[in-house]
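[1] The following comprises the amino acid sequence and a computationally predicted model.
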Amino acid sequence: MLQAFAAAFRTPDLRRKLLFSLALIAVYRLGASVPGPGVSIEAINSCLDQANASDQRDVYSLVNLFSGGALLRLSVFALGIMPYITASIIVQLLVVVIPRFEQLKKEGQSGQAKLTQYTRYLTIALAVLQSTGIIALARSGQLFPSCSQDIIPSDSVWTTIVLVVTLTAGTAVIMWLGELLTEKGIGNGMSVLIFTSIAARIPAEGGAILQSRGGFVFALICVLAVLVIASVVYVEQAQRRIPVQYAKRMVGRRMYGGTSTYLPLKVNQAGVIPVIFASSLLYLPQLITQLQGDSTGAVRRFVENYLVDQSSPVHIAVYFALIIFFTYFYVSITFNPEERADDMKRYGGFIPGIRPGRPTAEYLQYVLSRITLPGSIYLGLVAVLPNLFLSITQEGQNQNFPFGGTAVLIMVGVGLETVKQIETQLNQRSYEGFLR
């Protein structure tokens, strides 16, 4: 593996891509540490110290995870990549609902460029809304309920406008960095930035566990982390290969077809999207009750006791059920068996033993529904690992398990994809890959 890395850096064009990617990652991390205009750094640090000793960060943990801790510091890149992810998911859902979007998707590269442009516009709109909401929460004291200091000392409208514009511009810069990284760097730009944000938090989380629980528990968690990562790699690579045979056909004077290939159906066909959906839906009740400000209502007590408490059996069961539901939902809208069967029939392909057309679509739907079940259970188990860890060790809610849930799914997926891209470029130049 080290020889492969050395070979990558010895190749001039691949070395330029790697160094360019590292430079963009450094710029991204720099922006995540620069405070926004009008934000008191002393108050932020004091409130963060108090928040670490209390249980008040759950509602923002997903966005804070994707921003690499920049959200709670109200830095220039406080919103992170979350607005772009949300916009991308919305556009993907609208492709199924709006015929115009579905037509654009079928147009190829030009249609995809228009969909990307719509995603950018929606990202900016969501960034304006989210930045306004976060600033309102910070001013009202709901961002750090246990802290009484003023995070934004000035109450002027001009300060609010400047801060909203800065956070929105930060999101636009992150979006530009991600697209630039995809075009001229290594790997998918947005995924690499998310990977960087999550990886930046692991040393702090590991240090907190080492300080609070001691060396034995820390070593035990490291061993458990290796097992979890190995299991995630195994399942992420697993796929059902459906054989496809193409009939021979004459085009002009040349013979085409007559080849055998396969249609790969991954066990985890939905990726990490169901976990994001389920997490966001579970955070909505707490966010709504906090915005209402009713601290004595029965609804808020129910939300805090059963939905906010991550070690609660109710929270774990609801989270697990939502992940299974969203896995089936997302797979059903992203993979259309009838469309795949029509494409195969159009190019003369068929599955041995299955008639082309509707029987092929029914067979694909049958196979997909069978492999989606273990995939959804796998996603649910990995996602609730931190919650089970909290309930077993009876730690505070602010104590995070750094190698479970959304973090490990994203890191392993992005890491595998990036390594595959580097291996592909190395194999094109007759170098040995990472895996011999």
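    Looks like it came in fine. This is a predicted model, so every value here is computed, not measured. Residues are numbered from 1 along each chain as shown.
[2] how about E236, what does it touch?
    E236 sits next to 266, 268, 412-413, 416 when contact means Cβ atoms under 8 Å, 6 or more residues apart in numbering. Bear in mind the C-beta positions are built from the backbone N, C-alpha and C, glycine included.
[3] Tabulate these (a markdown table), appending secondary structure.
    Formatted as a markdown table, those follow (DSSP: H, G, I helix; E, B strand; the rest coil):
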| residue | secondary structure |
| --- | --- |
| K266 | strand |
| N268 | coil |
| V412 | helix |
| G413 | helix |
| L416 | helix |
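[4] Just the buried residues out of those residues, in ChimeraX syntax.
    In ChimeraX, a selection of the buried entries from these looks like this (16 or more other Cβ atoms under 10 Å):
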select :266,268,412,413
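[5] for the contacts of E236, which one is nearest V157?
    G413 (42.9 Å; Cβ to Cβ).
[6] Relative to Q425, how far out is the closest one?
    Distance, G413 to Q425, using Cβ to Cβ, to the nearest Å: 19 Å.
[7] List the buried residues of the helix or strand hosting F326.
    Per DSSP states H and E, F326 falls inside helix 313-334. Neighbour counts using 16+ other Cβ under 10 Å place 315-316, 318-320, 322-324, 326-328, 330-332 of helix 313-334 among the buried residues.
[8] what do you get for stretch 158-165?
    Quick answer for stretch 158-165 (16+ other Cβ under 10 Å): 159-160, 163-164.
[9] out of the residues you listed, who's nearest F101?
    Comparing these against F101 with Cβ to Cβ places V164 closest, at 29.0 Å.
[10] What sits closest to the closest one if chain neighbours are left out?
    In this structure, V164 finds its nearest non-sequential neighbour in S131, 4.9 Å apart by Cβ to Cβ, 6 or more residues apart in numbering.
[11] Distance to L30 and secondary structure added to the buried residues of stretch 158-165, as a markdown table?
    Shown next, in a markdown table, are the buried residues of stretch 158-165 (distance: Cβ to Cβ, whole Å; DSSP: H, G, I helix; E, B strand; the rest coil):
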| residue | distance to L30 | secondary structure |
| --- | --- | --- |
| T159 | 23 | helix |
| T160 | 25 | helix |
| L163 | 19 | helix |
| V164 | 21 | helix |
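[12] quick one on the thing from earlier: wait, which of the buried residues of helix 313-334 is closest to L220?
    Closest to L220, out of all of the buried residues of helix 313-334 and judged by Cβ to Cβ, is I316, at 21.2 Å.
[13] pLDDT weak spots in this protein?
    Residue ranges of the chain with pLDDT under 70: 1-5, 49-72, 141-147, 249-253, 255-258, 286-300, 303-311, 387-405, 429-436.
[14] That one - how does it break down into domains?
    1-185, 214-435 (the TED database).
[15] I202: which of these is closest?
    domain 214-435 (5.0 Å).
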